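Student: need coordinates for the below:
(one chain, ligands or ions: 2)
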Amino acid sequence: MTANTNFLAHLNSSQRRSVEHYCGALLVVAGAGSGKTRALTYRIANLIRTHHVDPAHILAVTFTNKAAKEMRSRIELLFAQQQAELKFGKPWGALDDYQQTQLRSHVYKTIIKDLWIGTFHGLFSKVLRFDIEKYQDEKGRTWNKNFSIFDDSDCQGLVKQIVVKQLDLDDKKFEPRAVRYAISTAKNQGLSPDEYSKQQNDYRGRVISDVYKHYQDALCANNALDFDDLLLVPVQLFRQNAQVLDYWHRKFRHILVDEYQDTNRTQYDLIQLLVTNGVDSKTFNNWEHRSIFVVGDADQSIYSFRAADFTILMNFQDDFGDSMPDDRTETMVKLEENYRSRENILAAANHLIQHNTQRIDKILKATRGEGEPIFLYKADNEIDEAEFVVSQIRKLLRENPELNYGNFAALYRTNAQSRPIEDAFVRSQIPYTIVGGLKFYDRREIKDIVAYLRAIANPNDTVSLLRVINTPRRGVGQTTIDNLQNAAQQLGVPLWEILNDETSVKTVAGRSSKGVLNFAEIINKWRSESETRPVVDIVTGIVEDTGYVHELQTQGTDEALERIQNVQELVNATIQFQEESDEPSLEAYLASAALSSDLDNLQEGKEAVSLMTLHASKGLEFPIVFLVGLEAGLFPSFRSLNDPMAVEEERRLCYVGITRAQEMLYLSHARERRLYGSREPAIRSQFIGELPPELLNSNLRTKIKAQTPDRTSPKDPKTVGKTNAQTTGWRVGDRVIHRSFGVGQISHVFGTGNKQSIAIKFPNLGQKIVDPKIAGLQKID
Ligand SMILES: Nc1ncnc2c1ncn2[C@@H]1O[C@H](COP(=O)(O)OP(=O)(O)OP(=O)(O)O)[C@@H](O)[C@H]1O
Ligand SMILES: [Mg+2]
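Tutor: Ligands and ions are numbered 1, 2, ... in the order given. Sure thing, here's the model as predicted:
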């Protein structure tokens, strides 16, 4: 049993306890970098090896697809290492490449491919592929298992079409994004269109409820679901159908959830239903060969805007604890050592988070020595800040040959902040990758080809058919399309039924029928080919048959060339999918494309600096981290400034950012920044003032750019940057932040007391008179 001992030797005693725990409910709470994710990963391996749990009985939820992939690969390696001794009588390191690959592929086939590891959306869309046909919505409508997943922009397009075409309304008044948001909120509150409509008593509300009705009708008619449905439909299905729930309850005997602090109600419901088979958690007591294991850190809860609720984590023991058998009373393990960050970095993080009132204090001790101080840089503007990042990366690479670009990350509060950094990187030829934004699959050409694939998999997906019926152009004009749609509507059949019937097409489309028939022929051809051919063949076939790339080639512009490269990259993506997927069907590819989330663009194997928002950085770690844009109104964000609870969430976000760093951390802020097109003076974030000054080194500027004198005036770091919520005693010359207009300077004070109003000069908006009581005005010390 030497292998067993080695295996657990990678863990401290608390981690080991949580890994060895078998049945029942267990919560692991601990600060950043304390090895929660590691414990969860090892626990999966231990369930299989020590308790002989069938991998097919395990469900593990991660926050991103990338994290899921890493977890799978880690478990694969653990087992392959163990088998090295058994099969070859040698340690893993002594095997050649071929033997290692052979072992890994054996482990993959016998263990890994049966594990269900993924995000909530990924896992439950897979559940729906099995069982959606047993689901009925409140109107008794059904879906079949080839359903399409509509992403955000598909849904917005649908809403726009309903607003403009079906309801003949102004989409400026009923902005599709806002209407879609309202619908999503209603859905997540469990309100059907009818129930929502009953709650509306003004015109806008009634219109939105009307759009909601049409929206649901359209989803159903397209045999499609939106992202919200991927979680809501399984909850409803489990509640509707005891047999279905019982099946999944029996299948998933061991459930593990990472980043539990960012779970929302619906996700909680899914977990709760699966664990207890629909019984109340407090009375559920059938824990034999069954467990629920969650890990999290309430200080890292940063997704409240997506309805994440860290009280779910706080309530875990209360939920499941009472029902535990007497001999298994331990329901919580705390981890108190941090294995990631140097002591200085950890001390800064611990200090910062103590400014939050809504938290439970916990211990987090460094294990890796003091390290460098945290560097603080005051930049002239965002360009200077980006150049600073570049110059530091170059300097560190020069001085430390063991480092490469992949060891660096720059984190920011908003996506837009990446642009100046990207510019600087491009100028300096620093390779970088952006982790964030549905980038690749959001590009027009990719969406077009994917629409073809979706139409091939599911011809009832009218949205996809309409996207490409005339792309590339084949002489099918809007009038023809309208006529075809009208015909389908009047007959009450999906558009595809009309397109697929030569006579109907000839009658309705007249002179354009040639183009329409050609389109239908391509869809039909690849629909039958798709039964036997891999996805990559379908993609190249479509590109060929439609002349898609040919049309781009004739355009000959740089933009067209870029699009061609993107299409080529899609071919690469399908090849990769083919190689990596255990179920390489067209439907599975489409699901993975739809789900490839913003957080999954980190390129592996290539040395590049990672750029990402703080939200996207959760769970990751990098030797050197730049946290840029630490300015009031940017971070903490402007919207949070008047709401102490929102500032606490921003502070948690800052805690997440700081704790990504292993060796070195750089903080920066600019004196001035171009935001939304205009230059604004900037004040440094209150978060900098909340860090112990003795941990900070702000002498960098003189070292790096000795020619530019630092114009900062020395102030007490504890008070600098703190906003003052007091609203009395306004004086001419005071600098203030206004809720909507940003930073300005008081130029005049009218009246006194309650009747006081104030004139403020804003750099780009000119002078405005405001009532300080309703302007959410804050003075900046
Ligand atoms: N017992 C241990 N001994 C040595 N290194 C460890 C141990 N446990 C974890 N680590 C390492 O510490 C780092 C942080 O671990 P991990 O990512 O699991 O922490 P976490 O608690 O999940 O962090 P976060 O809260 O940021 O998600 C990783 O590099 C991991 O390999
Ligand atoms: Mg983690």
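Student: any idea how far the closest residue to residue 571 other than its chain neighbours is from residue 515?
Tutor: Leaving aside its sequence neighbours, residue 571 sits nearest to residue 539 (C-beta to C-beta, 6 or more residues apart in numbering; 5.7 Å). In short, each C-beta sits where N, CA and C put it, glycine included. Note on residue 539: its distance to residue 515, by C-beta to C-beta, to the nearest Å, is 22 Å.
Student: who's in contact with stretch 538-548?
Tutor: The contact list for stretch 538-548 (C-beta atoms under 8 Å, 6 or more residues apart in numbering) reads 445, 448-449, 452-453, 456, 471-472, 522, 525-526, 529-530, 533, 549, 567, 570-571, 574, 586.
Student: same thing but at 7 Å, please
Tutor: Stretch 538-548 is contacted by residues 449, 452-453, 456, 472, 522, 526, 529-530, 549, 567, 570-571, 574, 586 when judged by C-beta atoms under 7 Å, 6 or more residues apart in numbering.
Student: on that earlier part again, neighbour-wise, which of residue 539 and residue 515 wins?
Tutor: Neighbour count, other C-beta atoms under 10 Å: between residue 539 and residue 515, residue 539 has more, with 23 against 19.
Student: CA atoms only for the helix or strand hosting the more buried one, dumped as CSV, please.
Tutor: Secondary structure from DSSP states H and E places residue 539 in helix 535-546. C-alpha atoms of helix 535-546 as CSV (Å, rounded to 0.1, in the frame of the first residue of the first chain):
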residue,chain,number,x,y,z
VAL,A,535,-17.9,17.2,-37.2
VAL,A,536,-14.8,18.5,-39.0
ASP,A,537,-16.0,17.0,-42.3
ILE,A,538,-19.3,18.7,-41.9
VAL,A,539,-17.6,22.1,-41.3
THR,A,540,-15.3,21.8,-44.2
GLY,A,541,-18.1,20.4,-46.4
ILE,A,542,-20.3,23.4,-45.6
VAL,A,543,-17.6,25.9,-46.2
GLU,A,544,-17.0,24.2,-49.6
ASP,A,545,-20.6,23.7,-50.7
THR,A,546,-21.8,27.2,-49.6
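Student: now the contacts of stretch 538-548: which count as buried?
Tutor: Buried members of the contacts of stretch 538-548, counted by 16 or more other C-beta atoms under 10 Å: 449, 452-453, 456, 522, 526, 530, 549, 567, 570, 574, 586.
Student: dump the residues you listed into a markdown table; add pLDDT and secondary structure as well.
Tutor: Output for these, formatted as a markdown table (pLDDT from 0 to 100; DSSP: H, G, I helix; E, B strand; the rest coil):
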| residue | pLDDT | secondary structure |
| --- | --- | --- |
| 449 | 95 | helix |
| 452 | 97 | helix |
| 453 | 96 | helix |
| 456 | 96 | helix |
| 522 | 96 | helix |
| 526 | 95 | helix |
| 530 | 92 | coil |
| 549 | 89 | helix |
| 567 | 83 | helix |
| 570 | 79 | helix |
| 574 | 83 | helix |
| 586 | 92 | helix |
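Student: secondary structure class for residue 433?
Tutor: strand (DSSP: H, G, I helix; E, B strand; the rest coil).
Student: may I have the beta-bridge partners of it?
Tutor: residue 610 (DSSP bridges).
Student: any idea how far residue 163 is from it?
Tutor: Applying C-beta to C-beta, the value for residue 433 to residue 163 is 37 Å.
Student: ok, now residue 257?
Tutor: Distance from residue 257 to residue 163, by C-beta to C-beta: 38 Å.
Student: buried stuff in the helix holding residue 539?
Tutor: For helix 535-546, by 16+ other C-beta under 10 Å, it's 535-536, 538-539, 541-543, 546.
Student: tell me the one of those residues nearest ligand 2?
Tutor: Ligand 2 lies nearest to residue 535 out of the buried residues of helix 535-546, by C-beta to the ion, at 32.4 Å.
Student: that older thread, residue 433 and residue 163: which is more packed in?
Tutor: Taking neighbours as other C-beta under 10 Å, residue 433 and residue 163 compare with residue 163 leading, 24 against 18.
Student: which stretches of the stretch 651-781 of the chain have low pLDDT?
Tutor: 674-679, 700-728, 739-740, 752-755, 757, 764-769, 773-776, 781 (pLDDT under 70).
Student: could you pull out the strands for it?
Tutor: Under the criterion DSSP state E, counting those that start in this stretch, the stretch 651-781 of the chain contains strands at 661-670, 672-675, 678-681, 696-697, 723-724, 735-738, 742-750, 757-762, 766-770, 778-780.
Student: sorry, back to before: mind putting the buried ones among the contacts of stretch 538-548 in CSV, distance to residue 731 included?
Tutor: Formatted as CSV, the buried ones among the contacts of stretch 538-548 follow (distance: C-beta to C-beta, whole Å):
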residue, distance to residue 731
449, 62
452, 65
453, 64
456, 69
522, 72
526, 72
530, 72
549, 66
567, 61
570, 60
574, 65
586, 68
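Student: cool, thanks, signing off.
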